[in-house]
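Chemist: only geometry, no sequence info:
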Ligand code: ARG
């Protein structure tokens, strides 16, 4: 419908633009939007205001001549000028009903695949080896995965890149400590407590000179490709990723082993990249280190800021790895878009990396590099989310607590579910609540982790939306063997619900374009609210409801349930028949 109206407007503009006073570039900016308020019709455009300058006429006058020249169309029942020169379009109720029917019959619920699929590399999750997943990894994992699902559903070729921190000088110490533990406890030890492992390794390194010497030796051996050190290193990586995979599975996150593209993958490319930058004069030697000066980044004194890409001792940095990595993604993976889901504090780092890559021609201008930053997760006290003793909150503990809280909630509700179903319901609500709390806010802001809020059955929460779905399914269980009929819009509650349903594809497309899952959350929340309102205002199964009305309303219920399921599914959240 939106496209149809945009085309009508375009035709009308070309009629009034015979002398070509309107620049072609302005014509590409024609946009029609869904209105927020029924009084303004179903769609509106502000194009008359935008044409006011080139046509040297007042917007209302332009709006009028656009309306006069608008081709007639059976789907449009009325067109009006509003305010300073908005044009409001009213869509025929029959056309709305027809569009709903089409949407309902379409397994993709009206969401088209993109005409030109892109190769999109999505860098997300990226935890570090032998460390507990920190809060920013949780955010990156959950938000990144929702965007991945959406981009993939829209038909793009998505490459998940789990850029794990699996390289660096700390590995000498970790290998030496793993060796020590294995000697004490035998192979096959459980490394589930990374925090303790890392801390103890560090303690040994700081207090035991013999250990420290060995650790430093192992770094050199590892970098030289020594087989024993490689094996020990691989063990550490595997043990970490086995643990993390359990968390991904528990979180219903789509990452798997084959998505791991850690820092170590780029090792062999680092000397080549540094040499190339040196040869081409993009990097210079400065007091033994290799440095890139970028005029666009200046220090306090106004001098170009130097970015070290190889240290005096020959070591490479996080920046060097990311340069090689971006080059690889652009040139080897042939990415059209590269998205980085990292916290906002890595902005400067990424900008530096990208500036170097662009300058060196490693990433062509046609490739879009996008930082999708997110804010911090805060506790209820407004301070960074920490355990009572000030440690990092383990993701595993958060999920355990979510499940135990949901178990208590369900007990209070005297649920009649079987034990097996109950387990699934507890999982879906608990995981859904934790994920949704993160997804529903604009990711760029900090957010406050609040159990009571995220587990509430009212408000913009996963349990509320999951409940809206189950409630619809309950209607169908109660209705028994029923038929879905043609949808007829007979009142405002139905009309509002219908229009919201038709806006589903726009909500999903917006998430793909803006990498903001909260736009889809808002949509689903508003849809659920409109559904609840419709459900209160429009009796469905009562005896005095005529059959055709009943069947039309059931069709609206059915489509709403489908959209809720698909929409929440794209966010990585499960729904259930009963809860
Ligand atoms: N491992 C990093 C961290 O823990 C995140 C990596 C993000 N991706 C990247 N290409 N730098 O903060």
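Modeler: All right, it came through fine. Bear in mind that the values here come from a model prediction, so they are computed numbers and not experimental data. Residues are numbered from 1 along each chain as shown.
Chemist: Let me see the mean pLDDT of the longest strand along the chain.
Modeler: Ranked by residue count, the top strand of the chain under DSSP state E comes out as strand 289-298. Confidence over strand 289-298 (mean pLDDT, whole number) is 90.
Chemist: Check which helices and strands that strand sits against.
Modeler: Helices and strands in packing contact with strand 289-298 are listed as helix 269-279, strand 283-286, strand 304-310, helix 347-360; criterion 3 or more CB pairs under 8 Å, 6 or more residues apart in numbering; DSSP states H and E. For glycine as for every other residue, the C-beta is placed from the backbone atoms N, C-alpha and C.
Chemist: Go ahead and measure how far stretch 20-34 is from the middle of the chain.
Modeler: Counting by CA atoms, centre = their mean, to the nearest Å, stretch 20-34 is centred 30 Å from the centre of its parent chain.
Chemist: Would you mind measuring the gap between the ends of it?
Modeler: 29 Å (CA to CA, to the nearest Å).
Chemist: Which residues in that stretch does the neighbour count mark as buried?
Modeler: For stretch 20-34, a neighbour-count test (16 or more other CB atoms under 10 Å) marks 22, 26, 30, 32, 34 as buried.
Chemist: got CSV for those residues, with pLDDT, secondary structure and distance to the ligand too?
Modeler: What follows is those, written out as CSV (pLDDT from 0 to 100; DSSP: H, G, I helix; E, B strand; the rest coil; distance: CB to the nearest ligand atom, whole Å):
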residue, pLDDT, secondary structure, distance to the ligand
22, 82, coil, 44
26, 81, helix, 39
30, 86, coil, 38
32, 93, coil, 38
34, 91, strand, 36
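Chemist: Nearest spatial neighbour of residue 141, chain-adjacent residues omitted?
Modeler: What sits nearest to residue 141 in space, not counting adjacent residues and going by CB to CB, 6 or more residues apart in numbering, is residue 125, at 4.2 Å.
Chemist: my bad, residue 124
Modeler: residue 144 (2.6 Å).
Chemist: Any idea how many residues pack against that neighbour?
Modeler: If you count neighbours by other CB atoms under 10 Å, residue 144 ends up with 30.
Chemist: Surely it is in a strand?
Modeler: No: the assignment for residue 144, made by DSSP: H, G, I helix; E, B strand; the rest coil, is helix rather than a strand.
Chemist: So it versus residue 559, what's the distance?
Modeler: Using CB to CB, to the nearest Å, one obtains 30 Å as the distance from residue 144 to residue 559.
Chemist: same question, residue 224
Modeler: Residue 224 sits at a distance of 62 Å from residue 559 (criterion: CB to CB).
Chemist: Up against the ligand, what does the stretch 301-450 of the chain have?
Modeler: By CB under 6 Å from any ligand atom, the residues of the stretch 301-450 of the chain that approach the ligand are 322, 325, 340, 342.
Chemist: in terms of contact, does the last one touch residue 350 like I think?
Modeler: When you say that, I think you mean residue 342. Yes: the pair residue 342 and residue 350 qualifies as a contact (CB atoms under 8 Å) at a distance of 7.3 Å.
Chemist: what touches both of those two?
Modeler: With contacts taken as CB atoms under 8 Å, 6 or more residues apart in numbering, the residues that reach both residue 342 and residue 350 are residue 371.
Chemist: Between the two, which is the more surrounded one?
Modeler: In this comparison of residue 342 against residue 350, neighbours counted by other CB under 10 Å, the higher total goes to residue 342 at 22 against 19.
Chemist: So for that one, what's the nearest residue that isn't a sequence neighbour?
Modeler: residue 140 (6.3 Å).
Chemist: before we move on, the earlier item: make CSV from the helices and strands packed on strand 289-298 and add mean pLDDT to it.
Modeler: Output for the helices and strands packed on strand 289-298, formatted as CSV (pLDDT from 0 to 100):
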stretch, mean pLDDT
helix 269-279, 97
strand 283-286, 96
strand 304-310, 92
helix 347-360, 96
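Chemist: quick one: the helices in the stretch 301-450 of the chain?
Modeler: Counting by DSSP state H, counting those that start in this stretch, the stretch 301-450 of the chain forms helices over residues 318-331, 347-360, 395-412, 419-439, given from the N-terminal end onward.
Chemist: Does anything pack onto the third one? Which helices or strands?
Modeler: Using 3+ CB pairs under 8 Å, 6+ apart as the contact criterion, the neighbours of helix 395-412 among helices and strands are helix 135-153, helix 227-250, helix 419-439, helix 451-454.
Chemist: Could you pull up the mean pLDDT of the second one?
Modeler: Helix 227-250 comes out with an average pLDDT of 95.
Chemist: Mind listing what's buried along it?
Modeler: For helix 227-250, burial by neighbour count (16+ other CB under 10 Å) applies to 229, 232-233, 235-237, 239-241, 243-244, 247-248, 250.
Chemist: returning to what we had before: and the residue nearest to residue 124, what's its pLDDT?
Modeler: Per-residue confidence (pLDDT) for residue 144: 98.
Chemist: Please list all residues in contact with it.
Modeler: If a contact means CB under 8 Å, 6+ apart, then residue 144 has 122, 123, 124, 125, 339, 341, 372 as its contacts.
Chemist: Can you tell me which of those residues is nearest the ligand?
Modeler: Nearest to the ligand among the contacts of residue 144, counting by CB to the nearest ligand atom, is residue 123 at 4.9 Å.
Chemist: thinking again about what came up before, using TSV, please lay out the buried residues of helix 227-250 together with distance to the ligand.
Modeler: Formatted as TSV, the buried residues of helix 227-250 follow (distance: CB to the nearest ligand atom, whole Å):
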residue	distance to the ligand
229	22
232	21
233	17
235	20
236	15
237	13
239	17
240	12
241	13
243	15
244	12
247	15
248	16
250	20
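Chemist: tell me the two of these that are most distant?
Modeler: Checked with CB to CB, the buried residues of helix 227-250 reach their widest spread between 229 and 250, with 32.3 Å between them.
Chemist: What residue in the stretch 301-450 of the chain comes nearest to the ligand?
Modeler: Taking CB to the nearest ligand atom as the measure, the stretch 301-450 of the chain has residue 342 as its residue closest to the ligand, at 4.5 Å.
Chemist: What's the separation between that residue and residue 363?
Modeler: Remark: distance between residue 342 and residue 363 (CB to CB) = 17 Å.
Chemist: For this structure, what lies in contact range of the ligand?
Modeler: 123, 126, 128, 163, 165, 322, 325, 340, 342.
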